[in-house]
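Student: prediction below, plus the sequence it came from.
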Protein chains: 2
Amino acid sequence: MDIKLNSNFNSIKETYLFSDIARKVRDYKEQNPEAELIRMGIGDVTLPLPAPCVDALVKAGKEMGVKETFRGYPPEYGYDFLRGAIAFHYRKLGADIADSEVFVSDGAKSDLGNLPDILGDNPIIIPDPVYPVYVDSNLMAGRRISYVKGDKDNGFLPEPPRDETAEASVIYICSPNNPTGAVYTREGLTRWVDFALKTGSLIIFDSAYEAFISDDLPHTIYEIEGSKECAVEVSSFSKFAGFTGTRCGWTIVPDQLTAGGVKLSKLWSRRQATKFNGVSYPVQRAAEASLTDEGLKALKANIDYYKNNARLMSDLLRSKGLFFTGGTNSPYIWLKCPDDMGGWEFFDLMLTRFGIVGTPGEGFGEAGKGYFRLTAFGSAEDTEEAIRRLRDL
Amino acid sequence: MDIKLNSNFNSIKETYLFSDIARKVRDYKEQNPEAELIRMGIGDVTLPLPAPCVDALVKAGKEMGVKETFRGYPPEYGYDFLRGAIAFHYRKLGADIADSEVFVSDGAKSDLGNLPDILGDNPIIIPDPVYPVYVDSNLMAGRRISYVKGDKDNGFLPEPPRDETAEASVIYICSPNNPTGAVYTREGLTRWVDFALKTGSLIIFDSAYEAFISDDLPHTIYEIEGSKECAVEVSSFSKFAGFTGTRCGWTIVPDQLTAGGVKLSKLWSRRQATKFNGVSYPVQRAAEASLTDEGLKALKANIDYYKNNARLMSDLLRSKGLFFTGGTNSPYIWLKCPDDMGGWEFFDLMLTRFGIVGTPGEGFGEAGKGYFRLTAFGSAEDTEEAIRRLRDL
């Protein structure tokens, strides 16, 4: 064909991170068939869906088979029952969110990927290291990205640029952060909100790991004053309630958020009504069930299970004197590789000497060099075994 | 905020078609509370999901609640079991599609809306009248659109432009067409494929209503020679198996489809892996079940039910001497309003004199002026009652 393709795709780095890891693990297993590997590399949940969610999913599935209770096209922005349940969840966190400000979707990745559709050509500010979707979806749209670097000094919680002439930008913040597990304090987030208000910027706040917070730290950007004038928030049931395979998320677009006199919610509504047809009815019922008292109790038990894994790993790393972030209010542990090793070098050591698979920090940005991500989504038994093996580290 | 928004959204016409219809109907009901309205305006299914799909959905939902059978993130392009089942469906239609050419999604609207992401700034050719998503998603991307007009003479099956200097373009074709119900013959589609091959164009073929075809007409563009060098196909379980509320669709991107030496499948893979996280596991199992012998039998019964409605309505219109397309291989009937009435004028007449709600053709493009869409997705009882009322038309 002679049509033109989107040439911005050329500027996206081909990352073979997870396929490289898979290949290395496969090769090692072939040469060491007796090795019992412990996988702490994957950011996916392993515990089953909470029982109230399964019950709701099954009940709604059966409703679809009966003429009187069958449902056709769902509302593009989510059923009122789910928008209401999500807004109520925010109000319990102390954030004043109206039902109509909630836009239900099939997951945070979709919303994060699609939000650039409604934006013009603004400078983009992205933390490094970070979840690669922010970078790639903006490269696909041909945007200019600048990075704010995380490091040992700032505890992987980069501050806003000090540049007094900074342009109005689109700023991505992920807290608790993937991959570092670092969580902004109220003061830290307030500095970002103030920067956004001063420069006329938009914050896209990713709170997908909010449910892992147990210390007194902000669960949502809307705990911060002024945030409804400058921030949308993207979140998900994936890590909240184990929905990675069930697929449901949401975006909050505050009603008062405007640029050039145009409401962002109007553009996002239009984008979603044109290019999206809503989320499966049984999935929305399952999501709703996760927000009931019974659902919240069940999902908390799952999160506590993962957090216990993270605590045990953190204790070990602390006893070894290794620098790390996360592990407390997050399923992720982000550690500095010992002896100034590179991430891949440490990967090989962990694989061949301890039989543990993690993720080299290099996969999450330049500032991830020499770091390593471990996840707490494995089983308690595997975590204990990993700790036994790592006593010799 | 001072950020720039996507100014292309300004060029999208605000259409209030369905809200205008809803308001008119509401007003009429208020003034005539005793009126029993028959709704033949909505393109949504009403029969319940086929039993094999419900059973599969419920079974998979229960699997999600058990550790041993729980599933996390699905593959971004769909589970192998579903990609394989869809490819097999194509092979039964005589089209040579490999499993790896199938990309599963949450619906045709998403794929149709997102395909412009991977394309550059090409001229766009869109039939008129047509499903508004093609137009709006290209306007959002700032593309130049030219229309090929359907009319009484071409039976609402527009031919390729005769312009010998035509540029490489992106061409949308929907067959069976929404809203006209017209279906291209093999010869008709061959002319489009030949045009695309000659001009280096890409065809985006929408086959969402394929299951309604019973005459010897092409179910897929891939029945046409040369189409794998110039066409992607977008389709859905929505009308095929009543999945409008369950949400599952697919896009076929042939492996050999390239532009400037780049495979389209590579760009689409990258787009989907970056901005999409796959379809809910229970939904994919339900979709798979629709393609089993038992599922196909059940969904055919539903489609035959709708088609019988369409046949009865068609017989009536024929007996009245009205021109219409569709009604045979489609759930849609597209009729010329009698006495040169405009679509809205006829809408008012149908509502106030016969208590029947349809859709004015004006909502589907300029060439829809003076036409009216009726859908066959209602109940057999309502259809019979509508026919009784319309004897006086």
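Tutor: Received the coordinates, thanks.

Student: how about stretch A:182-198 as CSV, C-alpha atoms only?
Tutor: Taking Å, rounded to 0.1, in the frame of the first residue of the first chain, the C-alpha atoms of stretch A:182-198 are listed here in CSV:
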residue,chain,number,x,y,z
ALA,A,182,7.6,5.2,46.5
VAL,A,183,4.5,7.2,47.7
TYR,A,184,4.2,11.0,47.8
THR,A,185,3.3,12.7,51.1
ARG,A,186,0.6,15.4,51.2
GLU,A,187,3.4,18.0,51.2
GLY,A,188,5.0,16.4,48.1
LEU,A,189,1.8,16.2,46.2
THR,A,190,0.9,19.8,47.2
ARG,A,191,4.1,21.0,45.6
TRP,A,192,3.1,19.4,42.3
VAL,A,193,-0.5,20.8,42.5
ASP,A,194,0.9,24.2,43.3
PHE,A,195,3.3,23.9,40.3
ALA,A,196,0.5,22.9,38.0
LEU,A,197,-1.8,25.7,39.2
LYS,A,198,1.0,28.2,38.7
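
Student: so what's the gap between it and the chain middle?
Tutor: Stretch A:182-198 sits 18 Å away from the centroid of its parent chain (CA atoms, centre = their mean, to the nearest Å).

Student: same deal with stretch A:194-202?
Tutor: The chain centroid and the centroid of stretch A:194-202 are separated by 23 Å under CA atoms, centre = their mean.

Student: would it count as contacting chain B?
Tutor: Yes. Part of stretch A:194-202 sits near chain B under the criterion CB under 8 Å from any CB of the partner chain, namely A:196, A:199-202. Just so you know, the C-beta spots here come from the backbone N, C-alpha and C atoms, and that holds for glycine as well.

Student: quick check: mean pLDDT of that stretch?
Tutor: Average pLDDT, stretch A:194-202: 97.

Student: buried ones in it?
Tutor: A:195-197, A:199-202 (16 or more other CB atoms under 10 Å in any protein chain shown).

Student: of those, closest to chain B?
Tutor: A:Gly200 (2.8 Å; CB to the nearest CB).

Student: which residues touch the closest one?
Tutor: A:Gly200 sits next to A:168, B:1-3 when contact means CB atoms under 8 Å, 6 or more residues apart in numbering or on different chains.

Student: could you rerun that using 6 Å?
Tutor: Shown in contact with A:Gly200 (CB atoms under 6 Å, 6 or more residues apart in numbering or on different chains): A:168, B:1-2.

Student: CSV for the residues of stretch A:194-202 next to chain B, including secondary structure?
Tutor: Formatted as CSV, the residues of stretch A:194-202 next to chain B follow (DSSP: H, G, I helix; E, B strand; the rest coil):
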residue, secondary structure
A:Ala196, helix
A:Thr199, helix
A:Gly200, coil
A:Ser201, coil
A:Leu202, strand
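
Student: quick one: which two of these are the most distant?
Tutor: Using CB to CB, these span at most 9.9 Å, a distance reached by A:Thr199 and A:Leu202.

Student: ok, for A:Ile145, nearest residue in space, not its chain neighbours?
Tutor: Spatial nearest neighbour of A:Ile145, chain neighbours left out: A:Ile124 (4.5 Å); criterion: CB to CB, 6 or more residues apart in numbering or on different chains.

Student: sorry, slip of the keys, the one I care about is A:Thr199.
Tutor: Closest residue to A:Thr199 apart from its sequence neighbours, by CB to CB, 6+ apart: A:Ala166 at 4.9 Å.

Student: skipping adjacent residues, who's closest to A:Asp80 in space?
Tutor: Leaving out its chain neighbours, the residue that sits closest to A:Asp80 by CB to CB, 6+ apart is A:Asp99, at 6.8 Å.

Student: wait, that neighbour sits on A:Leu82?
Tutor: No. Using CB atoms under 6 Å, A:Asp99 makes no contact with A:Leu82, being 9.5 Å away.
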